[in-house]
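> Give me a 3D structure for the following:
(chains A, B, C, D, E and F)
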There are 4 protein chains.
Amino acid sequence: MPRITEERREARREQVLQAARACLEEHGLEAVSMEMIIARSGLSTGAVYGYFKGKNEIINAVVSEGTAQLAEELLPILTNTEPPPLPELVGQVLGAIVDFATRDEHVNRLLVSIHGWSHAQSDPTLKAATRYAYTRLRTAYADSVKRWQAAGAFDATADPEGVAELLTSVTLGFVAQRALAGTADISRHIDALEALTQPSGVRVP
Amino acid sequence: MPRITEERREARREQVLQAARACLEEHGLEAVSMEMIIARSGLSTGAVYGYFKGKNEIINAVVSEGTAQLAEELLPILTNTEPPPLPELVGQVLGAIVDFATRDEHVNRLLVSIHGWSHAQSDPTLKAATRYAYTRLRTAYADSVKRWQAAGAFDATADPEGVAELLTSVTLGFVAQRALAGTADISRHIDALEALTQPSGVRVP
Amino acid sequence: MPRITEERREARREQVLQAARACLEEHGLEAVSMEMIIARSGLSTGAVYGYFKGKNEIINAVVSEGTAQLAEELLPILTNTEPPPLPELVGQVLGAIVDFATRDEHVNRLLVSIHGWSHAQSDPTLKAATRYAYTRLRTAYADSVKRWQAAGAFDATADPEGVAELLTSVTLGFVAQRALAGTADISRHIDALEALTQPSGVRVP
Amino acid sequence: MPRITEERREARREQVLQAARACLEEHGLEAVSMEMIIARSGLSTGAVYGYFKGKNEIINAVVSEGTAQLAEELLPILTNTEPPPLPELVGQVLGAIVDFATRDEHVNRLLVSIHGWSHAQSDPTLKAATRYAYTRLRTAYADSVKRWQAAGAFDATADPEGVAELLTSVTLGFVAQRALAGTADISRHIDALEALTQPSGVRVP
DNA sequence: AATGAATGAGACTTCATTCAT
DNA sequence: AATGAATGAAGTCTCATTCAT
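Numbering: from 1, shown residues only, chains lettered A, B, ... in the order given. Here you go, the predicted model:
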């Protein structure tokens, strides 16, 4: 019989995670301290530890919930039974990613993701979860390729898994490039994919 | 007049960096400790501090030298004045990356790179260096595109910068996918790029 | 005008003390926490603090009430105006102690006593109370010795206080030995005392 | 190849243990803090942790080394092949205990022992060690009884184990009584034992 | 140059107690 | 009176770095 509503509890949890994201972005994986997260969360030390068992649980929650939330937003796009042409589909995915990452004006979730990629290497559970999420992304891409092939809109001899792997690289690479090079433009990616996939594309007739 | 030869000094430095890479891969950014690195390096605490100013300098050196070394191996491929067709060029780049990453049997440099991406976010100098390196990769790709276009082997109306951005995404995404999904195959990427770029590619005539 | 009956209040207090005793036995002085005691008592945090001012008051109550209760049970035996022979008297005392200590099947009060001995060192009030209780035990023993001497059943030249001190050592030592060595048998103690006190005892004629 | 001699290392260890004993006596099991021990030891935080893995290891060392050291001093007395009469033997043991306990003018080791009795309850290893030590004391007493019996100086029908148990109680009880009642005199114990064991002892002929 | 013991700031976490509901 | 979430002081311990040898 909780004295505070589950709703309120969830809000507090999110308050902590939000603070953790901000600190993670600002100071990086090595330098985030509980003190920082606690101060930014506006809660007291004890309260934070009432919601999370410890620092590791907070970081893990940031990473895994982040991945899960993004997946939840990407999946509807990728499970569309009538997928738009390849460049447009990729554009939609990248658009959803940017939307997700910049929705919150205080935190760039893209950078948090990069930290998550690093952090997940050292935690078996998190690594498995991450692997599962990105494998599912690839599978969803493969399903789209199969639908294109079924619709006669894609080279029927191509390996859907292989194309999916390429598109997954494009997707993850877009995130990495934004974080590392500082820029990566969606319409440029779309245009480039269109240039590649045009019949008059790579090779002159 | 140094008491030990410059050569020996360099060997010791590399000994430390190698230990740092292994520890980084094994324990992750947050958990690497000087104690671990020192133990693994086989040197004494004092000796390590004789070669590096501190932990941050070691991690930074791991990241920046790693990026620099990889760049050194990729650039000859990308500055080829007669670049092979797009799928093959990308294949060569990815091949060089995998070769670089797995050359040392004790450390997977790919994973170290992911940690580096995370770490670079928090260090302005390192961030600038990383940004420069990946921007140069993009520029080199753009140059290749221009060469293809000059040779009539690529849609002349396409924006070279945009295509370069896409290929940079593919390249970085390949690294990320290997680290996160566990697999990413070079020939699949090549085949997928070929499928995309075939005249009979995306749309049936 | 208390909102709850004094009777009920006392029952709740005892509930807390019982929980504290169990936790003390299970985890030891250093590790008992209010959280543990509260959980085991079945009351809420606030309720427990309604009955006791704090942790120290609970532990002190456990120790001092334990000592007081034991004293209450031992005194009738020791103030008997016609004390049985020494071995039997000691046997009765030890029997009462074991009975007291093992009465409650959930807690071995002997072990709680040992913790109490330790705890009393650091609390002046408790130390005084403990000192008083054990001094009274010694005095009661001395009175018995005097009664034996008066009845011609004990060497009249012996110092009653000294014998009382010895018997107090036997009594406290019995408790300690049970806790530390794991065993200490009452009848063995009686038999040994009989062997010692027999005319044909220590030295052959 | 240690840079500091084993001797010096041992001295530092003892420095910490000495500080721990003093703090234990002064503040009790619940209240000793590392900060206190460290400050009193004169070493730095890190140095203390270089000699002991943590607080528990320090307390355990205090208890177990204390027990071991005392045992080492008592055993020669109890393994004497020609033990003096019972009162004198017990007197020698109690004397050795008091000597051991008060040798150091800064710490009363008797009080530390009481804390040790409490602490040992919660640590299986320590409990076993303590049990072993006090069982050995009992065994040594039993051996003495057997020697007396062999020499015709003790009732041959008495159970040596039982008498040993009684003498162990006297010994431990002496310690407890000193700590709890504040006083317990060796010669009084000796005199009382003599009174008990005199042929003209308990019962008049 | 090399060693590794020592340092101590600061990290993480617990837990006795309070107080709004 | 009762509840249990919240508080935050204080505790334990780690670890990057220094420095006497």
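> List the residues that contact A:Glu7.
Not one residue lies near A:Glu7 by CB atoms under 8 Å, 6 or more residues apart in numbering or on different chains. All C-beta atoms are positioned from the backbone trio N, CA, C, and that covers glycine.
> Just the element for it, please.
Using DSSP states H and E, A:Glu7 sits in helix A:6-27.
> Do any residues in that helix lie close to DNA strand F?
Yes - Helix A:6-27 comes into contact with DNA strand F (CB under 7 Å from any atom of the strand), by way of A:Arg12.
> what angle sits between the very next helix or strand once past that helix and helix A:6-27?
Counting by DSSP H and E, the element after helix A:6-27 in chain order, helix or strand, is helix A:34-41. Helix A:34-41 and helix A:6-27 are oriented at 120 degrees to each other (axes from the mean of the first three to the mean of the last three CA atoms, to 10 degrees).
> what helices or strands is helix A:34-41 leaning on?
Here helix A:34-41 touches helix A:6-27, helix A:45-51, helix A:55-78, going by 3 or more CB pairs under 8 Å, 6 or more residues apart in numbering or on different chains; DSSP states H and E.
> does that helix come close to DNA strand F?
No - residues of helix A:34-41 contacting DNA strand F under CB under 7 Å from any atom of the strand: none, with a closest distance of 8.6 Å.
> Can you list the buried residues in the longest helix along chain A?
Longest helix of chain A, by residue count under DSSP state H: helix A:124-150. Neighbour counts over helix A:124-150 (16 or more other CB atoms under 10 Å in any protein chain shown) mark A:126-127, A:129-131, A:133-135, A:137-138, A:140-149 as buried.
> now stretch A:25-37
A:Glu25, A:His27, A:Gly28, A:Leu29, A:Glu30, A:Val32, A:Met34, A:Met36, A:Ile37.
> and the angle for the helix or strand following the longest helix of chain A with helix A:124-150?
Next helix or strand after helix A:124-150 toward the C-terminus (DSSP H and E): helix A:160-180. Relative orientation of helix A:160-180 versus helix A:124-150 (the same axes, to 10 degrees): 120 degrees.
> So A:Gln149 is in contact with A:Asp159, correct?
No - the criterion here is CB atoms under 8 Å, and A:Gln149 misses it with A:Asp159 at 10.3 Å.
> Spit out the contact partners of A:Glu165.
A:Glu165 sits in contact with A:Arg138, B:Gln177, B:Ala184, B:Asp185, B:Arg188, B:His189, B:Ala192, where contact means CB under 8 Å, 6+ apart.
> Next, count neighbours for the residue lying closest to A:Thr45 once chain neighbours are set aside.
Using CB to CB, 6 or more residues apart in numbering or on different chains and skipping the chain neighbours, the partner closest in space to A:Thr45 is A:Ile38 (5.5 Å). A:Ile38 has 20 neighbours, counted by other CB atoms under 10 Å in any protein chain shown.
> Roughly how far does the closest residue to chain B within chain A sit from B:Trp117?
Residue nearest to chain B within chain A (CB to the nearest CB): A:Gly173, separated by 2.6 Å. Between A:Gly173 and B:Trp117 the computed distance is 12 Å (CB to CB, to the nearest Å).
> ok, back up a step: of the contacts of A:Glu165, closest to DNA strand E?
The nearest member of these to DNA strand E, counting by CB to the nearest atom of the strand, is B:Gln177 at 30.4 Å.
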